[in-house]
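Undergrad: sequence-free structure coming up:
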């Protein structure tokens, strides 16, 4: 991708994140929005240890590493890494250190070495507390809408976590985090909460459906909130109550 076109897409995503920060009375810290392009396999290997969509292979990281080869031979792995697929995720420094320790438990030497190389790479690029990973096919780098959508979705997660809004940190359902980001995308006109998901291969459709249902709950919670302060207070009340 030409550098100027790529930077324009990133700046568009930054602008929209700053807009949400203003509309919801949140603090925007520019240093939190670093990113790294990774391959589809690298993105999938990292997400496998953390993302809720892989819970069938274990609820904890330690359980998942025991089922790693089973996952790599599953239809879900094939769906996530299919041609043309895109993926993003946000990793915190704490997650990087925790997951790095679990990698040592992988029994298969070649897979363990692959994970170790990946986490060494991530550690080298982890400058602050957050690192956003993006998997994007080179053939689709010219797609402004798609790349901006993926970056924006992940950076909204960063904005919320950077302001202490992370339901999973309180032992609560991931659906509230993913639903809130999906709602914010709709707030910006980037999602249609009454329509189907933007990306919905069969193997991940259930996860996406839960995210949209949670987003509609947020829509109901926030529908009468008119000021940034009211919106932020409503979100914090849910954070404490759920």
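TA: That came in fine, so what should we check first? Here the structure is a predicted model, which means the values were calculated and not measured. Residues are numbered from 1 along each chain as shown.

Undergrad: can you list the buried residues in the lengthiest helix in the chain?
TA: If you go by DSSP state H, the chain has its longest helix at helix 3-23. Buried residues in helix 3-23, counting neighbours by 16 or more other C-beta atoms under 10 Å, are found at 9, 10, 13, 14, 16, 17, 20, 21. To be clear about C-beta, it is placed using only N, CA and C from the backbone, and glycine gets the same treatment.

Undergrad: identify the bridge partners of the one residue sitting closest to the centre of the chain.
TA: Taking C-alpha atoms, centre = their mean, the centroid of the chain lies closest to residue 89, which sits 3.4 Å from it. Counting by DSSP bridges, residue 89 is bridged to residue 133.

Undergrad: which stretches of this structure form strands?
TA: 35-38, 87-92, 130-135 (DSSP state E).

Undergrad: okay, those in TSV with distance to residue 99 and mean pLDDT next?
TA: Output for the strands of the chain, formatted as TSV (distance: least, C-beta to C-beta, whole Å; pLDDT from 0 to 100):
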stretch	distance to residue 99	mean pLDDT
strand 35-38	14	89
strand 87-92	8	88
strand 130-135	12	92
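
Undergrad: any weak-confidence spans in the protein?
TA: 1-3, 137-145, 195-205, 242 (pLDDT under 70).

Undergrad: what sits against the residue lying farthest from the centre of it?
TA: The C-alpha centroid of the chain is most remote from residue 109, which lies 28.7 Å away (C-alpha atoms, centre = their mean). By C-beta atoms under 8 Å, 6 or more residues apart in numbering, no residues touch residue 109.

Undergrad: again with the one 10 residues further on
TA: For residue 119, the contacting residues are 96, 99, 100, 103, by C-beta under 8 Å, 6+ apart.

Undergrad: state the distance from residue 150 to residue 86.
TA: 6 Å (C-beta to C-beta, to the nearest Å).

Undergrad: please enumerate the shared neighbours of these two.
TA: The contact lists of residue 150 and residue 86 share 134, 136, where a contact means C-beta under 8 Å, 6+ apart.

Undergrad: between the two, point out the one with more neighbours.
TA: residue 150 (22 against 17; other C-beta atoms under 10 Å).

Undergrad: that one contacts residue 85, correct?
TA: No: counting by C-beta atoms under 8 Å, residue 150 sits too far from residue 85 to count as a contact (10.9 Å).

Undergrad: show the residue spans covered by the helices in the protein.
TA: Going by DSSP H, the chain shows helices at 3-23, 40-50, 61-66, 68-72, 75-80, 93-103, 109-125, 144-162, 174-187, 205-222, 228-241.

Undergrad: I'd like to know which of those is closest to residue 194.
TA: helix 205-222 (8.4 Å; C-beta to C-beta).

Undergrad: please point out which parts of the closest one sit buried.
TA: 207-208, 210-212, 214-219, 221-222.
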